[in-house]
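> For reference, the sequence and a predicted model appear below.
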Amino acid sequence: MLPFVPVAVEIDNLVVRYGEKTAVDGLALTVAAGTVTAVLGPNGAGKTTTVETCEGFRRPDSGSVRVLGLDPLADHDELMPRIGVMLQEGGAWSGVRAVEMLRYVATLHAHPLDVPALVERLDLGSCGRTPYRRLSGGQKQRLSFALAIVGRPELAFLDEPTTGLDPHGRREIWQLIRDLRDDGVTVVLTTHAMDEAEQLSDQVHVVSAGKVIASGTPDSLTEHHTKSLEDVFLELTAPKRETR
Amino acid sequence: MSSAATYAPRPGSAPWPRKVLAHTRMEFKLLVRNGEQLLLALVIPLGLLLLLGGTGLGERLPLGSGRPIDEAVPRVLALAILSSSFTSLAIATGFERRYGVIKRLGASPLSRTGLLAGKIGAVLIVEVIQLVVLIGTGFALGWKPIGGFGAVFGVVLTVLCGTAAFASLGLLMAGVLRAEATLAAANLLYLLLLVGGAIMTPVDEYPAGMQGVVRLLPSAALANGIANSTVEGVIPWAAALSLALWAGVLGYLVSRTFRWD
């Protein structure tokens, strides 16, 4: 049966290796358009590699990835204007000023968001003229978020969007992600924060050792909130103990 | 706070020329803010020109058979082109990779051709400034180029072909080496070519056994091309061809090794 909801991301049996090490090992998942999907897993589970394959930075060793129906490598120039990407770190010249960077990226797009409004929303006004290398971790993170959405993408990949933010900053980013979804943007985020996945996502994929080991809505994974997502996660990812 | 459709998707790339212009402006602005880059682009060639053309030093160095200032100006121009098209570009691009800027741009609508064109645009702007300052200083020191329009054409042709060749070398280096290694290697090669690559000294002044090799270097073609234009008034087709071949080979290697991360 064909799904009625359009598929934004389709990953099938993806394998990505770095030399000897297999970072992603037969991972499969789909992301329905218009949803917030969390890819949840411990450090080193293959979350970033998976997302970077969707963004065209990694070539699959086997398996396939389609993003908005396109091949991230072969259709790079067609896909990039349609997606927004928040890198886990870096991504700006050390001497560039925060708002200057945002304006520059906005100029690359046909119909960017209003930059002053975005600066206001992400509280970048006070550091707008600060060179990137002197921004705090939280300011870098908020700028990086702004860069991901300024082009009005259909689909935003957010790699650990709230790492390094204080509780207020975190709540503001959560609300912004909800607003994006409500306005029709598909969001894929990686996180190892349980509450983030639970609070925000329509669908959670738990990833461990390069594979999806569980998928579902937060409600179904927590068995209607009888368990916390953290317990579920720990059960799923615990190293198997040998019985003596 | 936000109205219903604030973030409603409306994706699209800006037109190619606007993207290239935006990137050129950005790279140029960052370069002007960077003191070391300005030192390399202007202070060193200007100092060298003043030393060679404004003091008696030029008389005692093997610059060539003409008046020292006439020999010094084209060779200092070649050095200036080498610094901006190769050394600065390689180092800047190496650190862009280190800081994730190349990756960030890889996930933007800029595209590979847009990135390349934007970078070349910034290099060309710097080169125009270098040429204006150095040629102006040259005239002030009594430089008398030969050859009128032909010489201008010869210089422009050599500068463009040389920029293509050395920018390709710089991008190749920044693509395959780490940022620190690029920094070291780009500076080292700049110094080696300055002394050993027939930039400041004509090929004929090298030991006979080395001349055959030195003559094939792109640095020799760049300096000789500009010098032949302004000292002898000939259009340096051979130098331009040599540089174009270097650009072709190095450009191919860049296209094979380029990556967005």
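Arrived safely.
> Next one: the residue nearest to A:His192 when sequence neighbours are not counted from A:Ser208, what distance?
Leaving aside its chain neighbours, A:His192 sits nearest to A:Pro42 (6.1 Å; criterion: CB to CB, 6 or more residues apart in numbering or on different chains). Using the backbone N, CA and C atoms, a C-beta is placed for each residue, glycine as well. The gap separating A:Pro42 from A:Ser208 is 7 Å, by CB to CB, to the nearest Å.
> Common neighbours of the two, please.
Common neighbours of A:Pro42 and A:Ser208 are listed as A:Thr237 (criterion: CB atoms under 8 Å, 6 or more residues apart in numbering or on different chains).
> If we ignore the residues flanking it in sequence, what's nearest B:Ala223?
Nearest to B:Ala223 is B:Ala78, by CB to CB, 6+ apart, at 3.8 Å.
> Just the C-alpha atoms of the one helix or strand that neighbour maps to, please, in CSV.
Using DSSP states H and E, B:Ala78 sits in helix B:68-82. Taking C-alpha atoms only, helix B:68-82 is exported to CSV below (Å, rounded to 0.1, in the frame of the first residue of the first chain):
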residue,chain,number,x,y,z
PRO,B,68,66.9,47.7,-12.0
ILE,B,69,63.5,49.4,-11.7
ASP,B,70,62.3,48.1,-15.1
GLU,B,71,63.3,44.6,-14.2
ALA,B,72,62.0,44.8,-10.6
VAL,B,73,58.5,46.0,-11.3
PRO,B,74,57.3,43.0,-13.4
ARG,B,75,59.0,40.5,-11.0
VAL,B,76,57.4,42.1,-7.9
LEU,B,77,54.1,42.0,-9.7
ALA,B,78,54.6,38.3,-10.3
LEU,B,79,55.4,37.8,-6.6
ALA,B,80,52.2,39.8,-5.6
ILE,B,81,50.1,37.6,-7.9
LEU,B,82,51.7,34.5,-6.4
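> Please state the offset of it from the chain centre?
13 Å (CA atoms, centre = their mean, to the nearest Å).
> again with stretch A:49-65
Taking mean C-alpha positions (CA atoms, centre = their mean), stretch A:49-65 and its chain are 14 Å apart.
> now do the same end-to-end measure for it.
End-to-end distance for stretch A:49-65, by CA to CA, to the nearest Å: 12 Å.
> is it true that A:Val187 lies in a strand?
Yes. A:Val187 forms part of a strand when assessed by DSSP: H, G, I helix; E, B strand; the rest coil.
> How many residues are close by the nearest residue to it once chain neighbours are set aside?
Leaving aside its chain neighbours, A:Val187 sits nearest to A:Val36 (4.5 Å; criterion: CB to CB, 6+ apart). Look at A:Val36: counted by other CB atoms under 10 Å in any protein chain shown, it has 23 neighbours.
> Cross-check the contact I'm expecting between A:Val36 and A:Glu198.
No. Contact between A:Val36 and A:Glu198 fails when scored by CB atoms under 8 Å: they sit 11.5 Å apart.
> Around chain A, which positions in the stretch 101-250 of chain B sit nearby?
B:101, B:103-104, B:106-111 (CB under 8 Å from any CB of the partner chain).
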